[in-house]
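Student: Provide a 3D model corresponding to the input given below.
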Amino acid sequence: MPATLEGQITMEKTPSYWVTKSAPKRVYAMNPAVKLIAVVRDPVTRAISDYTQSASKRSGLPRFEDFVLLNTSAQWGGSWSIDASWPPVRLGIYARPYRRWLRRFPKSRLLLINGERLVADPAAEMARVQDFLGLKRVITDKHFYFNSTKGFPCLLKSESKAVPHCLGKTKGRNHPQINVSVIKRLREFYKPHNEKFYQLSGIHFRWP
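Tutor: I've put the predicted structure just below:
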């Protein structure tokens, strides 16, 4: 990584840092004054999105329901349970990694971005990011437009020259239809974990 000159901010993004157990200690050792940003979204939507990404790369992948249930032979509404060890499910239990980061960094250095709000109102969330980093609010609502094909907002590189930058091909895929009983069970599974996360962060994300 190039040296950061005076007046510059160096940014690096690696999503796996959030859940890597050794990351908080190593990042703190590197720079205890670093500022950290994490985007979190409804864990049920996140799990389905994770699965959809995998399914796009592996043809013939079993259904989402076959992975998420511990006993796939049980009838809907029977005595089946959610497989909390399956990565797409486990990664949505946000309180666990967040607690590890709080052992090294104060809340003032950890900015949590609402993933749903980032899609619905990207300018508002970007205003929070710019304030958090101590930057002038350069990016505003004039820099975004909604791409109906992808279902996500795209960034205009400047107000005067409308050159859009949209998410890549791996983003904006249609999610598969998931059995409503499984969705309900997932929401029940995540509810206590979400409540812990709300308490730790002091933010109520109002996930269903």
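Student: give the contact list for the residue nearest the centre of the chain.
Tutor: Compute the mean C-alpha point of the chain, and by Cα atoms, centre = their mean the closest residue is V40, 3.5 Å away. Residues near V40 by Cβ atoms under 8 Å, 6 or more residues apart in numbering: Y94, L112, I113, N114, G115, F197, F205. No exception for glycine: its C-beta is placed from N, CA and C like everyone else's.
Student: 7 Å instead?
Tutor: Y94, L112, G115 (Cβ atoms under 7 Å, 6 or more residues apart in numbering).
Student: Specify the local secondary structure of the second one.
Tutor: Spelled out, it's L112. State at L112, reduced to three classes by DSSP: H, G, I helix; E, B strand; the rest coil: strand.
Student: Please tell me how far it sits from R41.
Tutor: 11 Å (Cβ to Cβ, to the nearest Å).
Student: got it, and the first one?
Tutor: Distance from Y94 to R41, counting by Cβ to Cβ: 10 Å.
Student: Let me see the ranges of the strands in this protein.
Tutor: With DSSP state E as the criterion, the chain has strands at 36-40, 110-114, 144-147, 152-156, 164-165.
Student: For the protein, give me the ranges with low pLDDT.
Tutor: 72-79, 158-162, 168-173 (pLDDT under 70).
Student: 50 instead?
Tutor: 72 (pLDDT under 50).
Student: biggest helix in it by residues?
Tutor: Longest helix of the chain, by residue count under DSSP state H: helix 180-201.
Student: Of Y94 and R41, which one has the most company?
Tutor: Y94 (25 against 19; other Cβ atoms under 10 Å).
Student: ok, the more buried one - contacts?
Tutor: Per Cβ under 7 Å, 6+ apart, neighbours of Y94: V40, F197.
Student: and the gap between it and D50?
Tutor: 14 Å.
Student: go on, A84?
Tutor: 14 Å.
Student: Please apply the same query to T14.
Tutor: T14 sits at a distance of 17 Å from D50 (criterion: Cβ to Cβ).
Student: Those two: who's more crowded?
Tutor: Set side by side, T14 and D50 show more neighbours around D50, with 17 against 8, by other Cβ under 10 Å.
Student: The nearest residue to that one once chain neighbours are set aside: what's it in contact with?
Tutor: Spatial nearest neighbour of D50, excluding adjacent residues (Cβ to Cβ, 6 or more residues apart in numbering): P88 at 3.8 Å. By Cβ under 7 Å, 6+ apart, the contact set of P88 is A47, D50, Y51.
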